[in-house]
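Q: build me a model from this:
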Amino acid sequence: MWNRACPICFAKVPRSLVLTRSEDLVCPSCHTPLELSRPTRVLAAIIGLIAGSLGFRIATAPNAGIKWALPILAAVVLYGMGSALAVFFLADLVTQPKPSGGHFPQAAE
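A: Numbers count the residues shown, from 1 in each chain. Next comes the predicted model:
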């Protein structure tokens, strides 16, 4: 886990490619469609939520200047930064599942 290597050809995928093209990621050497694994997505979301909640708590400290906008802004920005950094450092890639047929099962009746 967390090696950013293609599971087919074991070529390393650049971190910038994983961050910018996580939905339509393709291996640069064998051109296999890849995606982030479920544990990577869940872990990135958990780290983002923790970072967002910490940012919210820090921004709601009694010495904060803006009453309501700063905690919300801090939570959103730190959620994005925390989840992106988690994907940046902890990315694990798997192959995309093949799409099923492409026909509607109701049409067979």
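Q: so the closest residue to residue 30 other than its chain neighbours: helix, strand or coil?
A: Nearest residue to residue 30, sequence neighbours excluded (Cβ to Cβ, 6 or more residues apart in numbering): residue 9, at 4.3 Å. For the C-beta atoms, the positions are set from N, CA and C on the backbone; glycine is no exception. Three-state call for residue 9 (DSSP: H, G, I helix; E, B strand; the rest coil): coil.
Q: which residues touch residue 9?
A: 27, 29-30, 32 (Cβ atoms under 8 Å, 6 or more residues apart in numbering).
Q: I'd say residue 27 and residue 4 touch.
A: No. Using Cβ atoms under 8 Å, residue 27 makes no contact with residue 4, being 10.8 Å away.
Q: most surrounded residue in the contacts of residue 9?
A: residue 27 (21 neighbours; other Cβ atoms under 10 Å).
Q: residue 36 and residue 18 touch, don't they?
A: Yes. Between residue 36 and residue 18 a contact is recorded at 7.5 Å, counting by Cβ under 8 Å.
Q: mutual contacts of these two, please.
A: Common neighbours of residue 36 and residue 18 (Cβ under 8 Å, 6+ apart) are 25, 87, 91, 93.
Q: next one: phi and psi at the first one?
A: Pointing back at residue 25 there. When read as degrees, to the nearest 10, the backbone of residue 25 gives phi -80, psi 140.
Q: which residue sits closest to it, ignoring its sequence neighbours?
A: residue 34 (4.5 Å).
Q: now do the contacts for residue 74.
A: So residue 74 contacts 52, 55-56, 58-59 (Cβ under 8 Å, 6+ apart).
Q: and for residue 27 and residue 4, which residues touch both?
A: residue 13.
Q: what about the helices in this structure?
A: Remark: helices assigned in the chain by DSSP state H are 15-20, 38-59, 69-90.
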